[in-house]
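Just a sequence and a predicted model for now, questions to come.
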Amino acid sequence: MLVETDARSRVVLPGHPNAAFVLRENEDGSILLEPALVISRAQHEYDTDPDLQRLLTRAATSQTVRRERRRLAG
């Protein structure tokens, strides 16, 4: 398959709508596109920290403190 860049250096990749890639330009001039998944730092920290996972699981499954809300006279 031949792809060409447009005037703004963009390329269309048929079959890959709305996809993210890491682009690497090799020493020989070839270009490698590696599929990527972009996640937030907070998600990465959660995914890689078992202690944080346990803490947040406990917090999510605990009963919450409930109290009546009163409107201030205004």
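Received, thanks.

The lowest-mean-pLDDT helix or strand in the chain - contacts with which helices or strands?
Lowest on mean pLDDT, DSSP states H and E among the helices and strands of the chain sits helix 50-61, with a mean of 91. Packing partners of helix 50-61 (3 or more Cβ pairs under 8 Å, 6 or more residues apart in numbering; DSSP states H and E): helix 41-48. For glycine as for every other residue, the C-beta is placed from the backbone atoms N, C-alpha and C.

what inclination does the helix it packs on have with respect to helix 50-61?
100 degrees (axes from the mean of the first three to the mean of the last three Cα atoms, to 10 degrees).

what's helix 41-48 packed up against?
Looks like helix 41-48 contacts helix 50-61 (3+ Cβ pairs under 8 Å, 6+ apart).

what comes into contact with the helix it packs on?
By Cβ atoms under 8 Å, 6 or more residues apart in numbering, the residues outside helix 50-61 that reach it are 45-46.

again, only using 10 Å
42, 45-47, 49 (Cβ atoms under 10 Å, 6 or more residues apart in numbering).

quick check, distance from the least confident helix or strand of the chain to the centre of its chain.
21 Å (Cα atoms, centre = their mean, to the nearest Å).
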